[in-house]
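Chemist: quick one: sequence and predicted model below, then my questions.
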Amino acid sequence: MSPNALGIAHCFYPRDRHAHRGTTFAEVLVVMAMLGALVPVLSRAFQIGRQLESQSARDAEAVALAENRWALMRAGLLDATPVEDETLPDPWSDYRWSFRLESWRNDDAQLGVITVRYPWRGEMRSVALSGLLPTEATP
């Protein structure tokens, strides 16, 4: 029996293969429903991305401030004495820093740890930088 005899030839074998069938209302509704589900998810993802970018920028600034303090100590321009929760000068007055010395394996160096803290969304975040200082650079 041929496909034409069953009356299904038009479904599988259109006479004009270049004829364009329009978009149905159901297809438009499906696309709109998919977009309605994706837009809030993507919006939240971009919001989280912006928050993380801002936080990592603050972390990078805190690391740069700690490196600056470390360089000043290594150059002898800043005393390598312990500091506890001291405010940094403007424009970084919302950053606080601490410095502590710990003993090291051999007597010719001490371990120095610089911690920079700053407020972030109601919490205090901190970044620590540590390294060895020659004993003659420390009191």
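Modeler: Done, it's in.

Chemist: per-residue confidence at the most centrally placed residue in the chain?
Modeler: Centroid check for the chain by CA atoms, centre = their mean gives residue 52 as the closest residue, at 3.5 Å. As predicted, residue 52 sits at a pLDDT of 93.

Chemist: residue boundaries of the strands in the protein?
Modeler: Assigned by DSSP state E, the chain shows strands spanning 83-87, 96-103, 109-120, 123-134.

Chemist: could you dump those into a markdown table and include mean pLDDT, mean neighbour count and distance to residue 74?
Modeler: Any C-beta I mention is one placed from the backbone N, CA and C, and that applies to glycine too. Below are the strands of the chain laid out as a markdown table (pLDDT from 0 to 100; neighbours: other CB atoms under 10 Å; distance: least, CB to CB, whole Å):
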| stretch | mean pLDDT | mean neighbour count | distance to residue 74 |
| --- | --- | --- | --- |
| strand 83-87 | 91 | 11 | 16 |
| strand 96-103 | 92 | 16 | 13 |
| strand 109-120 | 92 | 18 | 9 |
| strand 123-134 | 91 | 14 | 7 |
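
Chemist: what's the closest of those strands to residue 58?
Modeler: With CB to CB as the measure, strand 109-120 is the member of the strands of the chain nearest residue 58 (6.3 Å).

Chemist: which elements pack onto the closest one?
Modeler: Contacts defined by 3 or more CB pairs under 8 Å, 6 or more residues apart in numbering; DSSP states H and E place strand 109-120 against helix 25-74, strand 96-103, strand 123-134.

Chemist: would TSV of those with distance to residue 86 be doable?
Modeler: Compiled in TSV, the helices and strands packed on strand 109-120 are given as follows (distance: least, CB to CB, whole Å):
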stretch	distance to residue 86
helix 25-74	10
strand 96-103	6
strand 123-134	14
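
Chemist: residues contacting stretch 112-126, please?
Modeler: Applying CB atoms under 8 Å, 6 or more residues apart in numbering, the contact partners of stretch 112-126 are 55, 58-59, 62-63, 65-66, 69-70, 73, 80, 85, 88, 94-102, 127-133, 138.
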